[in-house]
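[1] Below are the sequence and a predicted model; questions follow.
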Protein chains: 2
Amino acid sequence: MSQQRIKHMVIFNLKHDSGSPEAAQFLADGRSILSSIPTVENFEAFHQVSGKNDYDYGFSMDFVDQAAYSFYNEHPKHVDFVENRWVKEVSRFLEIDFKTVI
Amino acid sequence: MSQQRIKHMVIFNLKHDSGSPEAAQFLADGRSILSSIPTVENFEAFHQVSGKNDYDYGFSMDFVDQAAYSFYNEHPKHVDFVENRWVKEVSRFLEIDFKTVI
């Protein structure tokens, strides 16, 4: 039963053009909606700028433990964001979860 | 000319077996060697635990700007680590660079 912190990230591409108002709105809404879920810590929205992969954006957040992560995954705000925004506006993505090496 | 901070990450797999002394040594040496380069901030070594991708490990570090990142890339300790450890012990990897959305 791990109580270890988890850093959850997703790197992704949008169907919207780079630099478009729609892209900016997606990032702003993602930050606003997801960071309001109580167990989400240190939410950040990023531009992915390495030319060594094909992703354009990233979200990052920390959870104190797996229970906090599950609370987020199952939270109505997250479920609604995935169903009504993510699946409609994101073209591809990769999820990454980090636990610090002790 | 961006002075914006950059979060540099790499997710990777090792040729060594998971849980082996050689894998632990690689993570420990990576942390020790790379975090000693003067412009590297907040170095962390991670286990990648999401089942939604095939990578096992991650390194993360922050740079105050592109010049600090370039200093790291060109530093003899980094060059030596890449040539003598990374290319020999890492089987696949993906680099990710994040700049915070303002």
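    Thanks, I have it.

[2] okay, CA-based contacts and neighbour counts for the rest of this
    Noted.

[3] residues in contact with the closest residue to A:V64 other than its chain neighbours?
    Nearest non-adjacent residue to A:V64, counting by CA to CA, 6 or more residues apart in numbering or on different chains: A:R5, 4.5 Å away. A:R5 makes contacts with A:62-66, A:99-100, as judged by CA atoms under 8 Å, 6 or more residues apart in numbering or on different chains.

[4] Show the buried residues in those residues.
    The neighbour-count test (16 or more other CA atoms under 10 Å in any protein chain shown) marks A:62-63, A:65, A:99-100 as buried among those.

[5] of those, closest to chain B?
    Distances from chain B to the buried ones among the contacts of A:R5, taken as CA to the nearest CA, are shortest for A:T100 (4.4 Å).

[6] one step back: now the residue nearest to A:V64: how far from A:K15?
    For A:R5, the distance to A:K15 (CA to CA, to the nearest Å) stands at 32 Å.

[7] what mean pLDDT would you report for the helix or strand containing A:K99?
    If you go by DSSP states H and E, A:K99 is part of strand A:90-100. Throughout strand A:90-100, pLDDT has a mean value of 97.

[8] Show me what it pairs with in its sheet, parallel or antiparallel.
    strand A:6-14 (antiparallel), strand B:41-48 (antiparallel) (DSSP bridges).

[9] how about it: buried residues?
    Across strand A:90-100, burial judged by 16+ other CA under 10 Å covers A:90, A:93, A:95-100.

[10] Find the centremost residue of chain A, please.
    Against the mean C-alpha coordinate of chain A, by CA atoms, centre = their mean, the closest residue is A:F59 at 3.7 Å.

[11] list the contacts for that one?
    A:9-11, A:43-46 are the contacts of A:F59 under CA under 8 Å, 6+ apart.

[12] what is it paired to in the beta sheet?
    With DSSP bridges as the rule, A:F59 is bridged to A:V10, A:A45.

[13] can you pull the alpha-carbon coordinates of the strand holding A:K99 into CSV?
    This file holds the C-alpha atoms of strand A:90-100, laid out as CSV (Å, rounded to 0.1, in the frame of the first residue of the first chain):
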residue,chain,number,x,y,z
VAL,A,90,-7.3,16.4,-28.3
SER,A,91,-5.9,14.5,-31.2
ARG,A,92,-3.3,12.3,-29.4
PHE,A,93,-1.7,12.1,-26.0
LEU,A,94,0.7,10.2,-23.7
GLU,A,95,0.2,9.8,-20.0
ILE,A,96,3.2,9.6,-17.6
ASP,A,97,3.1,8.9,-13.9
PHE,A,98,6.3,9.4,-11.8
LYS,A,99,7.1,8.2,-8.3
THR,A,100,10.4,9.5,-6.9
